[in-house]
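Asker: sequence below, structure please.
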Amino acid sequence: MMRFTSRKAVVLTASLCLLLACGGGAKQEGEGRVSLNMLSLPDGCSPDKTCGNLTGVDCRSAVDGPYYYVETSTGRVVETCGGACMAGPDPDRGLCMECPPRAWTCD
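Answerer: Next up is the predicted model:
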């Protein structure tokens, strides 16, 4: 029984480390800014809509994944919405505060 539990713990720990290492495809920059490489989006993410200098990037938001509003030219994430907001706004991390952001004037 102990061996089975240890294996589960190893698998769980390895999965968590992989998830943290990948960071969901978003790269943390200085001062809490996050960016996405628009030329190489993470698996499961795809550009959805464009409005001015913003691109909506859908990372399986239909199944509780995040939806990012990204500055097209820089890759800087302006706002995170979608499944990331299931618990509501997170002012401490600047998430889910304004979905969609004010700069998104299309639709």
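Asker: pretty sure Val70 sits in a helix.
Answerer: No. Read with DSSP: H, G, I helix; E, B strand; the rest coil, Val70 is strand and lies in no helix.
Asker: for this protein, name the helix or strand with the lowest mean pLDDT.
Answerer: Lowest mean confidence among the helices and strands of the chain (mean pLDDT, DSSP states H and E): helix 2-22, at a mean of 38.
Asker: how many residues are close by Leu54?
Answerer: Leu54 has 22 neighbours, counted by other Cβ atoms under 10 Å. (Glycine included, C-beta is placed from N, CA and C.)
Asker: over to Ala84?
Answerer: So Ala84, with other Cβ under 10 Å, has 21 neighbours.
Asker: now the closest residue to it other than its chain neighbours: phi and psi?
Answerer: Excluding the flanking residues, the one nearest Ala84 by Cβ to Cβ, 6 or more residues apart in numbering is Pro66, at 4.1 Å. For Pro66, the backbone dihedrals are phi -80, psi 160 (criterion: degrees, to the nearest 10).
Asker: one more: Cys85?
Answerer: phi -100, psi 10.
Asker: for the nearest residue to it once chain neighbours are set aside, give me its contacts.
Answerer: Leaving aside its chain neighbours, Cys85 sits nearest to Cys96 (3.7 Å; criterion: Cβ to Cβ, 6+ apart). With contacts defined as Cβ atoms under 8 Å, 6 or more residues apart in numbering, Cys96 is in contact with Glu79, Thr80, Cys81, Ala84, Cys85, Gly88, Pro89, Asp90.
Asker: so can I have CSV of these showing secondary structure?
Answerer: Listed next are the contacts of Cys96 as CSV, based on three-state DSSP:
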residue, secondary structure
Glu79, strand
Thr80, strand
Cys81, strand
Ala84, helix
Cys85, helix
Gly88, coil
Pro89, coil
Asp90, strand
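Asker: list only those of those flagged as buried.
Answerer: Glu79, Thr80, Cys81, Ala84, Cys85 (16 or more other Cβ atoms under 10 Å).
Asker: pLDDT check: weakest of these?
Answerer: Least confident by pLDDT among these: that is Ala84, with 87.
Asker: from what I can see that residue touches Tyr69, true?
Answerer: No. Contact between Ala84 and Tyr69 fails when scored by Cβ atoms under 8 Å: they sit 11.8 Å apart.
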